[in-house]
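1. Build me a structure from this.
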Amino acid sequence: MKLKNLFVLCLSGMSLFILSHPVLGADDQKNVKVVTISFNLHRIPGPGSNQMAVWIENAKGEYIRSVYATKYTARGGYVRRPVSLSVWRSKAGWEKASPEEIDAVSGSTLEAGIHTLTWDGKDKNGNLVPDGKYHVRIEANILNEKKMFSEAIIEMGGRKQSVK
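-> Modelled structure (predicted):
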């Protein structure tokens with residue numbers, strides 16, 4: 001049995017669970033792509049910690065869209081603290097992000113516990129991405145320049161499937 005789209009990763013106290021599946025849109029009866037990203041976050045006390053970004057890249061490593069970024073960094077905190085989420089900012093070209101894109105992904109620094117994010121299968125311009133492989137990437141600052149990275153490869157298209 002070929003399995004795809006379900007990932008459980010553990011790194012530095014963070015568990016990541018990703019589920020990708022098609023759903024039928026009620027309004028337009030079109031196939032809508034949905035990726036659910038759930039993780040258990042363990043906060044780390046200290047300066048420059050708990051900054052986090054989640055984004056999507058295609059199989060070639062090209063930036064598709066940001067799903068979440070902590071408000072401090074997303075709204076310009078990187079000017080004061082340049083090491084904050086530097087890989088995500090570079091991939092996303094975040095310094096040139098529109099106010100609408102910043103508002104759409106920025107959120108408060110998350111509390112400890114289980115969190116769920118959803119990617120609707122669209123790129124940053126609102127276009128549905130084609131079927132294929134995509135990378136869900138997470139970057140987190142642990143203490144100032146110390147970072148954690150996590151990645152999962154998902155296959156968009158077809159029926160609901162899973163991989164560990």
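2. Tell me which stretches of this protein form strands.
-> 6-11, 14-24, 31-41, 51-58, 63-70, 106-107, 113-119, 132-143, 146-156 (DSSP state E).
3. want to throw these into a markdown table with mean pLDDT, distance to Pro99 and mean neighbour count?
-> All C-beta atoms are positioned from the backbone trio N, CA, C, and that covers glycine. Below are the strands of the chain laid out as a markdown table (pLDDT from 0 to 100; distance: least, CB to CB, whole Å; neighbours: other CB atoms under 10 Å):
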| stretch | mean pLDDT | distance to Pro99 | mean neighbour count |
| --- | --- | --- | --- |
| strand 6-11 | 32 | 32 | 15 |
| strand 14-24 | 47 | 29 | 17 |
| strand 31-41 | 79 | 24 | 18 |
| strand 51-58 | 95 | 18 | 23 |
| strand 63-70 | 96 | 14 | 22 |
| strand 106-107 | 91 | 10 | 16 |
| strand 113-119 | 90 | 21 | 14 |
| strand 132-143 | 90 | 22 | 19 |
| strand 146-156 | 87 | 27 | 17 |
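4. residues in contact with Ile56?
-> Going by CB atoms under 8 Å, 6 or more residues apart in numbering, Ile56 touches Val35, Tyr63, Ile64, Arg65, Ser66, Val67, Trp119, Tyr134, His135, Val136, Arg137.
5. got the contact list for the fourth one?
-> Taking CB under 8 Å, 6+ apart as the criterion, Arg65 is in contact with Trp55, Ile56, Trp119, Lys122, Asp123, Lys124.
6. still on that earlier bit, reformat the contacts of Ile56 into JSON lines and put distance to Gly76 next to each item.
-> Converted to JSON lines, the contacts of Ile56 look like this (distance: CB to CB, whole Å):
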{"residue": "Val35", "distance to Gly76": "28"}
{"residue": "Tyr63", "distance to Gly76": "19"}
{"residue": "Ile64", "distance to Gly76": "23"}
{"residue": "Arg65", "distance to Gly76": "20"}
{"residue": "Ser66", "distance to Gly76": "15"}
{"residue": "Val67", "distance to Gly76": "19"}
{"residue": "Trp119", "distance to Gly76": "24"}
{"residue": "Tyr134", "distance to Gly76": "28"}
{"residue": "His135", "distance to Gly76": "26"}
{"residue": "Val136", "distance to Gly76": "25"}
{"residue": "Arg137", "distance to Gly76": "22"}
